[in-house]
Structures are given as structure tokens and as C-alpha cells.
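In: Need the 3D shape of this:
(chains A and B)
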2 protein chains.
Amino acid sequence: MPTITAFENSPDRGKGQARDMRVRWALEEVGRPYGVRLVSFAAMKDPAHLALHPFGQIPTYEDGDLALFESGAIVLHIAERHDGLLPKDANARSRAIAWMFAALNTLEPPIVEFGMAMLFERDKSWYEERLPILKDRVRIRLGELSRCLGGTEWLDGAFSAGDLMMVTVLRRLNASRLLEEYPDLSAYVARGEARPAFRRAFDAQLAVFTAASTGR
Amino acid sequence: MPTITAFENSPDRGKGQARDMRVRWALEEVGRPYGVRLVSFAAMKDPAHLALHPFGQIPTYEDGDLALFESGAIVLHIAERHDGLLPKDANARSRAIAWMFAALNTLEPPIVEFGMAMLFERDKSWYEERLPILKDRVRIRLGELSRCLGGTEWLDGAFSAGDLMMVTVLRRLNASRLLEEYPDLSAYVARGEARPAFRRAFDAQLAVFTAASTGR
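Out: Sure, this is the predicted structure:
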């Protein structure tokens, strides 16, 4: 049974926006049981954790003598070894992987930058002027994604690891109202959240937060 | 023979920092000939190009009836089908792919953010105050990467697609002096640049820029 790491005390207060959610969801989609080791912010920078994750983050993934980091790599590793997250057809498989990279390298960077500004630059003199610039950068990508989705259910045929990754990246916008400007993308995220595997993963991470916050 | 797209007029003026360089380098490493179709900035937003790349960027990759976008996905696709870019051992292979994701999702975002500020925020009131913050965000990642490299030649055993991706991401820092603060990382990038496949890829993209700038 693989073991993943997750925040002992998630900064999103149980909203499931931390990156362990992607790995939990993938494991639930393929029906693979897993264990969770919780890590405090301090312990993430300890040598023991840095040996697993060079950048001192979560999640990590340990299975036998394999240790992995980076949520994208972990989800791809799971998807390659179990049915349900990648198409059988070789071309469709490569395209699904392209959507994983697009989620992480084209959508997530401007979304994280926007989120970080809202969290850490509120007291800066430039906040009011810079925030609309960051919002517009996100809007450009959302508009392109919306056009590409074109009213279909998932990005390229059946649900894949590409959709899993994209939905978790778009969910990071939940604290803003930006996603509401794109009803089709809101519906796309809702479709992802309605999957039984997502619900199980979400409930599992919420239980961690609830236990931590009530001291149990 | 696959066809990739590249900038007709690269904004880096032939320094090989655009993302087609990654794909050219990967194809050279595995010894696969390729064709190049040059795209202008205007044409990148045309319906014909958007059908290949939903976000209107380069590179794309066409091979028979497969069309791919995202440099990470294209390099992985090539690495999976030819010897030389991924280890045979299953665990080492997954770790090499983790380094690809780390390059694109952990290192590249703060490096691009820093580069964009230097390009587009020079005239902003906040430039002098914000730039050191962005520099320090990059330094944190470079320090972690340097510790992880630990004086070895490549990130995890033999040269892999993970190193290819990491070297191209670190090369985006060339315009700043930030990389010089980490002599081991500078040497790592130089080792990548010294590979014959890198040289061939670099010369090919430089020839495009030279031809465009001399009107030939």
C-alpha cells in the first residue's frame, strides 16, 4: 500500500486545494488504497522530508523502494499503472498527458501568482494597481480553455488524468469569483467534483483538517 | 518525419530560450530528424494554429495523425518512444519524469515571473521594491536544487529528460546574473550545453534567427 504525505494543518482550512488532493483523487479513481503521513510546516524542511522532496513540499509518494515527489509525476505514475485515468489509444494517451502539462505549466502559474498576490501583497502600495493585471492574465487562459472545451463534458473524450489535474488547478480559483465569469468552466469543475472518487478524496482530506482543528 | 513549430522571429534574439529548443534538443538526443514550420506572433492566434495549440503558443508537434502541444508533453512523448532520455529501470524512469515536472512546475514559474517583471514592470512604481522579492523566490529554489544536485553530474544518475528540461529552464536566467551565484548550477547548465545534441539544436534555432534578422 503506498503512503502519501499531506499537510498536518492545511492552510486552505479543508477546502481541498492543497496538492495532496490530486494524488488522493487519482488513487480513488483507480481504486487503490493508500496511507497518509501528516507533516507539519516545520517538519517539511527537516532532512528526513527533504530526502523525499527536495523542495520541502507535499505531497510525496512512497511505494516499496520508490519515492516520488511532484503531484504531476505521482498522478502520471499512478495513471500509467492502473486503468481509468489514461486512454488506451496511444495518440489519445499522449494528448491526455499534454493536458496534464497544460494544467500545471500553462494554467497553474498565473493562477498561483494571482492567489499569492491576494494572500501576501494586500498591504503593498501596488496591490490595487497590480491585481487587475494578474486577473486579466488568468482570464486570458480561462477564455482559451473555455473555447477549447467547447461545451463538451471533458477536455478530450472520456475523463482522464488531464481533466483531474485541470479541475484541481481551476479549484484554486475558488476564493476569487473569477471562475464564475465562465459558466462552462464552473460546470466542468462541478462535474469533476461530482465524481464519487473526488468526493471520497475530498472527505478524506477534510477529515484531517477537522481532526486537527478540533484537537482530536 | 515529425514537424514542430517555432517562432519566426524569436524574442530572445537567438539565445535559444524559447520552448522549441527543448523539443529540438530531445529530437537531437534520440537522433530523430524533424521539420520546422515557423510561425509569426500574429499567426499564433489564427484558428489554424489554435487548432494545434489551444493557448496559441509554440512549440507544437505533428507526427502522422498525432498533434501535440506543451513542451513537457512533447519531450515525454519522444522520450517514451526512443532510447536515450529515460532510464530502463521503472523506478528511475518515474524519478526522471518527476524531475521534468519539477523543472516545469516548481522551478520555471518563479523564474518566468522574475523574467516577466524585468521585461514588463521596469516602468512601474513598484519595480525596485518587488524585484528583490522575486529574486529571493528564485534563489530559494536554486539553493534547494543545488543541495539536491550535491556535486553530481546530473540530477539522478545518467543524463535524462529531467536534466534536459531543468537545463532549459535554468537557461532562462541567463539574462540575469542569478545563476552565477550558484557555480555548481552554472557548471550543470554548461554540461548540458556542451552535449553535441544541444549544440546541434542550438545552431538550428540560431540559424532561424540569423536568417530572419538578415532578411534571407
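In: Show me where chain A has its strands.
Out: Using DSSP state E, the strands found in chain A span residues A:3-7, A:35-39, A:60-63, A:66-69.
In: could the ones you listed go into CSV alongside mean neighbour count, distance to B:Phe209 and mean pLDDT?
Out: The C-beta positions use only the backbone N, C-alpha and C, and glycine is treated the same way. What follows is these, written out as CSV (neighbours: other C-beta atoms under 10 Å in any protein chain shown; distance: least, C-beta to C-beta, whole Å; pLDDT from 0 to 100):
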stretch, mean neighbour count, distance to B:Phe209, mean pLDDT
strand A:3-7, 20, 45, 97
strand A:35-39, 16, 47, 97
strand A:60-63, 22, 42, 98
strand A:66-69, 20, 36, 98
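In: Nearest to chain B, out of those?
Out: When the strands of chain A are compared by C-beta to the nearest C-beta, strand A:66-69 sits nearest chain B, at 4.5 Å.
In: Paired strands for the closest one, with orientation please.
Out: Applying DSSP bridges to the sheet, strand A:66-69 is found paired with strand A:60-63 (antiparallel).
In: How about residues contacting the strand it pairs with?
Out: A:2-5, A:23, A:49, A:52-53, A:67-69, A:74, A:77 (C-beta atoms under 8 Å, 6 or more residues apart in numbering or on different chains).
In: Off-centre distance for that strand?
Out: 17 Å (C-alpha atoms, centre = their mean, to the nearest Å).
In: CA atoms only: put it into CSV for me.
Out: In CSV, the C-alpha atoms belonging to strand A:60-63 read as follows (Å, rounded to 0.1, in the frame of the first residue of the first chain):
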residue,chain,number,x,y,z
THR,A,60,5.3,12.7,-1.7
TYR,A,61,4.5,9.2,-2.7
GLU,A,62,6.3,6.1,-1.3
ASP,A,63,5.6,2.6,-2.6
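In: Which among the strands of chain A is found nearest to B:Tyr182?
Out: Closest approach to B:Tyr182 among the strands of chain A (C-beta to C-beta): strand A:66-69, 20.6 Å.
In: quick one: contacts of that closest one?
Out: A:52-55, A:57, A:59-62, A:74, A:77, B:91, B:94-95, B:98, B:102.
In: On the pLDDT front, check the residue nearest to the spatial centre of chain A for me.
Out: Chain A has A:Thr168 as the residue nearest its centroid, 3.7 Å off, counting by C-alpha atoms, centre = their mean. A:Thr168 carries a pLDDT value of 98.
In: Quick check: the gap between it and chain B.
Out: 13 Å (C-beta to the nearest C-beta, to the nearest Å).
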